[in-house]
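Novice: Build me a model:
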Amino acid sequence: MTDRQFIEVHGARENNLKNISLNIPKQKVTVFTGVSGSGKSSLVFDTIAAEAQRQLNETFTAFVQGFLPHYGQPDVDRIEHLNAPIIIDQKRVGGGSRSTAGTYTDIATLLRLLFSRVGQPYAGPGYAFSFNTPQGMCPECEGIGKTVQLDLEKFLDRSTSLNGGAILHPEFKVGKWMWKMYPLSGLFDNDKPIKDYSDKELHALLYGADVKVSFGEIGSKYEGLVERFTRMYIKKDAASMSERNRAVFEQFTTSQTCRVCHGARLNQAALNCRIGGRNIADLSDLEATKLIIFLENFTDPVAIKLAARLTERLQHLVDIGLGYVSLSRETATLSGGESQRVKMIRHLGNSLTEMLYILDEPSVGLHARDVARLSSLLRQLRDKGNTVLIVEHDPDIMAIADHVVDIGPKAGTHGGEVVFEGSYAALKHADTLTGQFLKQHLPIKPKVRQPTGQMRIKNATLHNLKNVTVNIPTGVLTVVTGVAGSGKSSLINDVFLAQHPDALVIDQSRVTANSRSAPATYTGIMDDIRQAFAKANQVSASFFSFNSEGSCPNCNGLGVVYTDLAFMEGMVSTCEICEGKRFKSEVLAYHLRGKSISDVLDMTVEEALTSFTEQKIKRVLQAMNDVGLGYLRLGQPLSTVSGGEGQRLKLATELHKRGSVYVMDEPTTGLHLSDIGLLMGIIDRLVDARNTVILIEHHLDVIRQADWIIDLGPEGGSAGGEVLFEGPPQELKNCKRSITARFI
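Specialist: The predicted structure follows:
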């Protein structure tokens with residue numbers, strides 16, 4: 001073999017990687033495995049993918065590069081023989097309320113083409129059937145399907161005046177820039193309650209008047225509250241707002257289905273055009289499996305050709321376990337696992353070869369039945385002549401690999417080395433954590449705990465739930481199972497949590513990862529650490545915050561200085577003043593038990609446990625250690641924390657709280673086989689302490705350890721939404737309709 005048949009990595013040191021070098025075979029499937037936090041993502045995403053993307057971007061002109069995301073040069077000596085990358089990660093698909101499964105995968109384009117060619121009466125070319133073009137969208141809701149209005153009862157406190165804070169939206173608080181337009185307009189008595197305004201004054205406040213308002217040197221046309229709010233917030237897509245801004249937006253608005261198109265998003269001409277008695281909105285609302293059946297009945301040669309292409313793309317959705325998804329489903333409602341699989345659909349239909357596909361745990365959110373389908377699709381990508389790199393914990397995905405790289409031996413500072421390279425068969429006999437745990441499987445629990453009571457869900461009909469009534473036992477571990485789309489999340493995350501809002505929820509959303517957040521700030525112990533330093537040194541606690549008084553003035557508490565080089569890749573250098581310690585020099589002169597605040601943030605959780613005597617801090621540190629995060633440094637940026645570590649960090653923050661009901665959504669996401677035993681130990685301790693724990697889970701070892709199983713199905717979407725089984729795991733095998741029963 002020539003060297004060009006390998007991607008050669010020389011001297012990778014990104015995050016915790018220990019100067020590793022390896023050869024990755026091209027046109028093969030290579031799976032990277034190892035414990036959570038061992039360095040898999042640092043190698044595959046932060047090093048190989050980042051460098052491939054950076055080099056690809058450099059092939060564009062300087063002008064175009066200015067519009068592309070900037071990828072920093074990873075800490076690696078060199079990488080040879082890279083291919084152009086296609087990165088398919090678990091980030092949720094955005095795109096706002098105008099983005100649907102159909103538009104994102106481009107399947108909607110084929111459906112629009114079908115209607116433009118054979119639909120009757122003729123309504124125009126393909127774009128006339130798009131709710132994202134002026135020619136196709138409903139004029140009333142502009143293609144959104146619903147209309148949003150400002151709710152004046154929630155927006156205004158009519159009993160008080162402008163100066164008294166009558167405008168309740170946080171951006172219009174007294175003294176803020178947005179508020180100033182109204183008292184400075186000269187149109188109102190600023191101390192008169194709104195309820196005492198004349199009709200003319202109220203109309204001017206809400207809908208505007210022909211005046212100019214001066215803000216010192218600046219003049220601006222006066223806008224009423226309703227027209228200003230509509231322009232600034234309603235005309236913007238709420239789905240693309242940050243979570244906090246969207247929550248505020250929803251607090252002051254009401255939403256209702258568009259009265260003209262009744263939610264179909266399109267104008268009347270597009271909706272009047274039909275094929276087989278159905279318009280394009282009707283077909284877009286069908287699940288992929290049902291739309292395939294509809295497309296089988298054509299006789300027109302043009303329709304047959306287009307339908308065949310459409311069916312091929314829809315079949316990809318079915319093959320990847322998303323047959324229950326409709327083309328009209330908004331992408332914002334897809335889970336992380338569903339998002340990743342929808343991204344894969346975009347690439348399965350192309351005929352590109354010699355590409356580098358990089359996937360992050362594609363098995364996430366998949367039932368054991370669907371993992372086999374996924375394996376087939378990954379092989380297809382390889383067989384077209386592509387190189388496929390996968391970060392994965394699922395043994396069934398490892399089994400299809402041509403080559404396996406195990407990173408370890410443990411996590412964090414104890415990881416970052418290649419501990420095994422070779423075939424999956426050889427890995428099963430290797431003396432690594434992965435090799436050891438591939439031989440082990442947790443058995444079906446023979447003796448289950450007895451419930452102390454029950455919580456009832458009655459007549460649940462949300463989404464695809466078919467009038468479900470079910471009892472969730474208290475004081476035991478309940479695992480809710482079923483194929484993707486069977487109704488598990490609807491039943492627990494929506495219906496159950498609405499009835500039991502006090503339950504502690506640990507879900508799949510990633511921990512906040514900005515440059516200033518760290519395990520110490522995320523878990524809340526940073527405040528207590530600052531207080532301990534303040535008390536020991538008789539100074540203000542804010543002195544020990546790198547976000548406040550104590551921050552180094554040169555780097556503003558970041559520890560690094562960013563230099564923007566326009567279209568070229570920016571530079572990041574350690575701050576010369578604080579030498580990366582983030583604090584002013586006078587702050588570092590204060591000590592607690594011989595350590596400065598910077599020394600403390602550089603400690604691992606294990607080290608901090610032996611150093612701190614404060615019970616409140618110790619309790620959280622112990623919880624972090626219990627979930628296997630003893631190696632994390634207290635000040636480590638959360639942007640360097642893996643998905644599995646983030647999940648356990650969430651668990652640790654909740655463990656020291658008092659909660660009688662815990663709901664966990666796929667807690668094994670991102671977890672290595674060796675960590676699952678650790679997770680089950682934590683869950684068992686929670687249940688033994690008389691808590692109720694409810695898991696939504698696909699992992700068979702976890703299902704086997706349940707006290708009680710609720711299995712939904714039998715399939716996803718409209719073919720699901722029924723409770724097939726309730727009972728202990730040993731009895732599940734007798735349920736003939738359950739797909740889970742065949743795998744347990």
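Novice: going forward, measure contacts and count neighbours with C-alpha atoms only.
Specialist: Fine.
Novice: any idea how far the closest residue in space to Cys575 that isn't next to it in sequence is from Asn554?
Specialist: Leaving aside its chain neighbours, Cys575 sits nearest to Val560 (4.8 Å; criterion: CA to CA, 6 or more residues apart in numbering). Val560 sits at a distance of 9 Å from Asn554 (criterion: CA to CA, to the nearest Å).
Novice: More neighbours: which of those two?
Specialist: Val560 (21 against 17; other CA atoms under 10 Å).
Novice: got the contact list for the more buried one?
Specialist: Residues counted as contacts of Val560 (CA atoms under 8 Å, 6 or more residues apart in numbering) are 572-575, 580.
Novice: Whichever of those residues end up buried, select them in ChimeraX.
Specialist: Burial among the contacts of Val560 is assessed by 16 or more other CA atoms under 10 Å; the matching ChimeraX selection reads:
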select :574,575,580
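Novice: Output the contacts of Val560 in CSV; the columns should cover pLDDT.
Specialist: Formatted as CSV, these follow (pLDDT from 0 to 100):
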residue, pLDDT
Val572, 79
Ser573, 86
Thr574, 90
Cys575, 93
Gly580, 91
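Novice: Please report how far the residue of the chain most remote from its centre lies from Lys192.
Specialist: Taking CA atoms, centre = their mean, the residue of the chain most remote from its mean C-alpha position is Ser198, at 49.4 Å. From Ser198 over to Lys192 the distance is 11 Å, taken as CA to CA.
Novice: do Ser375 as well
Specialist: Counting by CA to CA, the gap from Ser375 to Lys192 is 69 Å.
Novice: follow-up on the earlier one: pull up the overlap in contacts between Val560 and Asn554.
Specialist: Counting by CA under 8 Å, 6+ apart, the residues touching both Val560 and Asn554 are Cys575.
Novice: Can you give me the neighbour number for Asn734?
Specialist: When counting by other CA under 10 Å, one arrives at 11 neighbours for Asn734.
Novice: Tell me which residues of the lengthiest helix in the chain come out buried.
Specialist: Identified as the longest helix of the chain according to DSSP state H is helix 301-319. For helix 301-319, a neighbour-count test (16+ other CA under 10 Å) marks 303-304, 306-307, 310-311, 313-319 as buried.
Novice: Let's see the helix or strand that it is followed by as CSV, backbone CA atoms only.
Specialist: On the C-terminal side of helix 301-319, the nearest following helix or strand under DSSP states H and E is helix 336-348. Once non-C-alpha atoms are left out, helix 336-348 reads as follows in CSV (Å, rounded to 0.1, in the frame of the first residue of the first chain):
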residue,chain,number,x,y,z
GLY,A,336,-30.3,15.8,18.3
GLY,A,337,-30.4,12.2,17.0
GLU,A,338,-33.2,12.9,14.5
SER,A,339,-31.3,16.1,13.3
GLN,A,340,-28.1,14.1,12.6
ARG,A,341,-30.0,11.5,10.6
VAL,A,342,-31.8,14.2,8.6
LYS,A,343,-28.4,15.6,7.8
MET,A,344,-27.3,12.2,6.5
ILE,A,345,-30.3,12.1,4.1
ARG,A,346,-28.9,15.2,2.3
HIS,A,347,-25.7,13.2,1.5
LEU,A,348,-27.0,9.8,0.7
